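Undergrad: Could you work out the structure for the sequence below:
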Amino acid sequence: MLATIEESVLPNKSLHPGRYAQMLARSATAAICAGPDNLILSWNSAAEQLFGFSAEQAIGKPLTIIMPERYHAAHEAGLARAVKSGKARLAGKAIEMLVRHADGHEIPVDLSLSMWEEKGQPMFGALIRDITDRQAAKRRLEHLAHCDTLTSLPNRNALNARLEEAIARGSCALMLLDLDGFKDINDTLGHSVGDLLLADVARRMEGCVGDADMVARFGGDEFAIVLSDCSNPLRIDSLCRAIFESLATPFQINGKNVFVGTSIGIALAPKDASTVDQLLSRADLALYSAKAEHGAQRKYYLPTMHNRSEQRQRLGAELREALPQGQFVLHFQPQVSLEDKALLGVEALLRWKHPQFGLLHPDAFLSVLDDSVVAEDVGDWVIDEACRVASSWRSAGLGEVRMAVNLFAAQLRSPRLYGVIGEACRKHRIAPTQLEIEITENIVIKHNDEVATMLKRLKTLGVDIAFDDFGTGYASLSLLQRYPLDRLKIDRCFVEAIHRSDADAAIVDAVLQMARTLGLEVIAEGVETREQERVLRELGCKEAQGFLYGRAVAADEIARLFAPVPQARVAAAR
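TA: Model prediction:
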C-alpha cells in the first residue's frame, strides 16, 4: 500500500518518497488517491478508520463507494469534466460534505481536493477530516439563537419571529409578565435560587398555555405569551386567572418555600398595534401600569398609558444633572485567575448616588441613560475615572490591573472615542494595553458598521476588546470573525448550572475550544460556588468573576482586599 501511495499521491518529487508515504500512512487525516477512471489507488489507515473499509476492500473500487447514492451522478459528471479540461473546479478548496460509511450511515467531513498530472494522466487526491464534533458544537451554539438555556423556553428572537407570523395571519394577543418580588429573592437568597425559580416558573406557565400558543422568556424575570388567532378578552382573562392561581402555590427550592407573583400587561393586534415593535411597546406600557398598582394585576393597553414615557423623560432630566453634580461613582468587581485566585483585572460598574433614593444600581437607570443625550459624556467620564483608579492602584502596589470598561452605544458611534481613550491613558500615565473595552451584542447589532470601524481604530491604540454576555444572542458566531476581539465573557446563564447540567457544560466546553482555536481569551461570569469553579477549571477555563471572588465594591476596598503583603510581615509569618 505504501508503494501505491508513493506512486499515486506524491506530486512533489523533491520529497523523499519513503518519508512521505510514512507520513500519509500514519496521519490522523484520511488520505485517498484516485485515477481518471474513478478507481481508488491508495487508502491510508485513517481512511480505514473513517470509512470502515480496509485498504484491500477499497483499492480498485470506484470512489462512489464512499458517497451517498444521491451524489453519484454529480460526482461522475464532475470527474468527467475535470479529466477532459485538465482542471478540477474544487481543487485547492476545502468543502464540507457528507460521505458514506461502510455500514451505510453518513458522516459530515471537511474535504480538501487536489489534482495533478502523472505520465500524462490526471490524478486526484483528497484529505478528509471528520467534523462531527465541530458541527455538533456549532449546532449547540446556534441553538442559543432561539432558546433560553436557563428555562428552555423560546427566547426573544424566537418571540419576535412568532409575533411576525401571528400578526401576518390576523388577530393575536401578546401578554408580557414580570415577576413581583423577584429582585428581593435574588438579593436575599442569591442568584442561584433566583435562576432555579425562573426555571420553575417557566414550567408552570407552560402548563397553563395550550400547545398552539407560545411561552417565551423575554429577558431577566420577564416572560411573554403569544395567543395566536385570539382577540377574545374572555379567553385571555381565563388564562390570566390560571397563571395567577398557578403561581400562588409556593415554590420548593433548596428546602425553602419561595413565593413569587406576577404582573401582566396585554396588547392586541390589530386593535392596538400592527407591527411587532408596536405590540411589544404597548404590552410593555400595560405591564408598567400593572406593576404601578403594586403587582398581581393584569392590565390591557390603553392610549393613556403613555405616561410612562413622561416618567422616563423626568428620569432623563435628573440624569443630565447627575454628572455635573458629581453623583456618579464607579464600583469594581474582581476578575481572578482560577489557578491561584490572583487579581488579574476588574470590571468597572457605574453607580448613581441619587440625592433622594441613595445608591442606585444600573438596572434602575441604565436603559434611560443609554438613550439620553448625556450618555456619551457619562461614558467619557467612566473611561477617565477608570484610568485614574488604575493609576492609583499601581501606586499602591497592585501592579497593572486590567481595567474593563463598558461602553455606551453613543460612544461607539462618536468619532471622539479614540481621542478620549488616548487622552485618559496619557493623563493618568497608564498603558492602553491595561484598558479593556467591553461591548455587548445588542450594541453591535444595532450599529454594525460603525462599531466595526471604531473597534478597529481602538485596536491600533493597543486596548483589548472583550465581547460581553457571549452566547446569548443570534449573531455571536459571525461576530467572532467580523470584529477584532481579544476576550469572550461566558454569560452567567451558562455557568449557573454547569456542575449539574451536561448541556451547559458542553456549551461552555464548545466556547472554550472555539476560543482556543481563534486565539481568544475567555473569562466566565457569575461564578458563585466552588462546584461551578471546579467544573470550569476541569474544562480549561483560566479566569472568572462572580460573587465567589467578590461583589462590586469601591476602589479603596479593592486596594485593601488585594494589597500586597509587606515583606516584613511575610518574613515574620515564616
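
Undergrad: Tell me the backbone dihedrals of residue 323, please.
TA: As for residue 323, its main-chain torsions (degrees, to the nearest 10) stand at phi -70, psi -50.

Undergrad: ok, it - contacts?
TA: 374, 377-378, 381 (C-beta atoms under 8 Å, 6 or more residues apart in numbering). C-beta coordinates here come from the backbone N, C-alpha and C atoms, glycine included.

Undergrad: Next one, pLDDT for it please.
TA: pLDDT for residue 323: 94.

Undergrad: Check the one 10 residues further on too.
TA: The predicted local distance difference test score for residue 333 is 97.

Undergrad: And the strand or helix carrying it, what does it pack against?
TA: Under the criterion of DSSP states H and E, residue 333 resides in strand 328-337. Strand 328-337 makes packing contacts with strand 343-354, helix 375-395, strand 543-544, helix 555-561 when contacts are defined by 3 or more C-beta pairs under 8 Å, 6 or more residues apart in numbering; DSSP states H and E.

Undergrad: Make sure residue 273 is indeed in a strand.
TA: No. Using DSSP: H, G, I helix; E, B strand; the rest coil, the assignment for residue 273 is coil, not a strand.

Undergrad: Quick one: residues contacting it.
TA: 267, 279, 281-282.

Undergrad: quick one: residue 256 and residue 197, what's the gap?
TA: 10 Å (C-beta to C-beta, to the nearest Å).

Undergrad: which one of these two has more residues nearby?
TA: A count of neighbours by other C-beta atoms under 10 Å puts residue 197 above the other of residue 256 and residue 197, at 21 against 10.

Undergrad: Quick check: chain neighbours aside, which residue is closest to residue 283?
TA: In space, residue 283 comes closest to residue 267 once its chain neighbours are excluded; the distance is 3.9 Å by C-beta to C-beta, 6 or more residues apart in numbering.

Undergrad: Contacts for the helix or strand where the one you found lies next, please.
TA: The secondary structure element spanning residue 267 is strand 261-269 (assigned by DSSP H and E). With contact meaning C-beta under 8 Å, 6+ apart, strand 261-269 is reached by 166-167, 171-181, 231, 236, 240, 243-244, 247-248, 273, 279, 282-291, 295-301.

Undergrad: partner strands of that strand, parallel or antiparallel?
TA: Paired with strand 261-269 in the same sheet, following DSSP bridges, are strand 172-180 (antiparallel), strand 298-300 (parallel).

Undergrad: Just give me how far stretch 243-252 sits from the chain centre.
TA: On the basis of C-alpha atoms, centre = their mean, to the nearest Å, stretch 243-252 sits 32 Å off its chain's mean C-alpha point.

Undergrad: give the contact list for the closest residue in space to residue 96 that isn't next to it in sequence.
TA: Counting by C-beta to C-beta, 6+ apart, residue 96 lies nearest to residue 110, which is 5.7 Å off, once chain neighbours are set aside. Listed by C-beta under 8 Å, 6+ apart, the contact set of residue 110 reads 94-96, 128-129, 131.

Undergrad: Now do residue 110, the pLDDT please.
TA: 88.

Undergrad: For it, list each beta-bridge partner.
TA: Here residue 110, judged by DSSP bridges, has bridge partners residue 96, residue 129.

Undergrad: how far away is it from residue 30?
TA: 10 Å.

Undergrad: Residue ranges of each domain in the protein, please.
TA: Listed by automatic domain parsing, the domain ranges of the chain are 2-130, 142-301, 312-561.

Undergrad: sorry, back to before: TSV please, covering the strands paired with strand 261-269 and showing mean pLDDT, distance to residue 64 and mean neighbour count.
TA: Shown next, in TSV, are the strands paired with strand 261-269 (pLDDT from 0 to 100; distance: least, C-beta to C-beta, whole Å; neighbours: other C-beta atoms under 10 Å):
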stretch	mean pLDDT	distance to residue 64	mean neighbour count
strand 172-180	94	51	24
strand 298-300	94	64	21
